[in-house]
Structure formats: C-alpha cells, structure tokens
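Engineer: Quick one: sequence and predicted model below, then my questions.
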Amino acid sequence: MGYDETIFHKDQKIAVSELGPHIRELRFSEFMIDYSQSYFPNTPDKTCDNFAVVWYVDKFDDIVIHQIYDHDNGIIYWEDNDEWNEKDETLVNSLLMYGELENQIGVGI
C-alpha cells in the first residue's frame, strides 16, 4: 500500500459539515483544535505551522486517512484506529469531502 501526504498550512481554510445543512469554514489549526484529541497549542512552541495528512487509496478505490502529524517535527496529532468518536468522524469526513487531498501540494511520499 502506497501512502500519499498532503500538507495543510495552519491558516489554510477547510470546510466542516455540522449537524443539518450547515457548513462552516475554519483555519486548519482551529479545525485540529476542535476535532483532534491531541493537538493542544497552549504555548507558541507547541503551535504547528504545517500539518501533514497521510492517506492512501484502498482496494475499493476509497481514500483512507491514516494519520495527521506536524510536518516540521513529526508529532502525531491524529491516527486511524478501531475506536472512533464523533470528532474523529467529523475530522475524517471533512478532509474527505472538502480537503481536496489529491489536488494539494505535497502528494506522493
């Protein structure tokens, strides 16, 4: 399985689907604060400038999000696992629907 990587700058906008027909746009860093269980930029040195979204295409030709990490230092902020909560669902669905993963700079690691 080949992994691809898409880089999102902290100020890059991403749309998020909320309950009902509502869609809002957030900066990527705000998106990660709201939907990642482990991104807490409580001091300037813990702020991520470039998030790397690692993904692959499965045997059914579906894109699967594998992990999200700090591209500059390698700290992992989200990783696919067997137990998802509502935030995980929103994070993955927003990236799949609005992230344009295949069209971003940084594809192909």
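Structural biologist: Perfect, I can see it now.
Engineer: if I read this right, Ile23 contacts Ser17, doesn't it?
Structural biologist: Yes - counting by C-beta atoms under 8 Å, Ile23 does reach Ser17; the two are 5.5 Å apart. No exception for glycine: its C-beta is placed from N, CA and C like everyone else's.
Engineer: Isn't Leu96 up against Ile65?
Structural biologist: Yes - at 7.1 Å, Leu96 counts as touching Ile65 under the criterion of C-beta under 8 Å.
Engineer: More neighbours: which of these two?
Structural biologist: Each of Leu96 and Ile65 has its neighbours counted (other C-beta atoms under 10 Å); Ile65 has more, 21 against 15.
Engineer: Could you check how far the more buried one is from Asn50?
Structural biologist: 17 Å (C-beta to C-beta, to the nearest Å).
Engineer: same check, this time on His71
Structural biologist: 4 Å.
Engineer: what is in contact with these two at once?
Structural biologist: Residues touching both His71 and Asn50 (C-beta atoms under 8 Å, 6 or more residues apart in numbering): Ile7.
Engineer: who has more neighbours, those two?
Structural biologist: His71 (18 against 15).
Engineer: So for that one, what's the pLDDT?
Structural biologist: On pLDDT, His71 comes in at 96.
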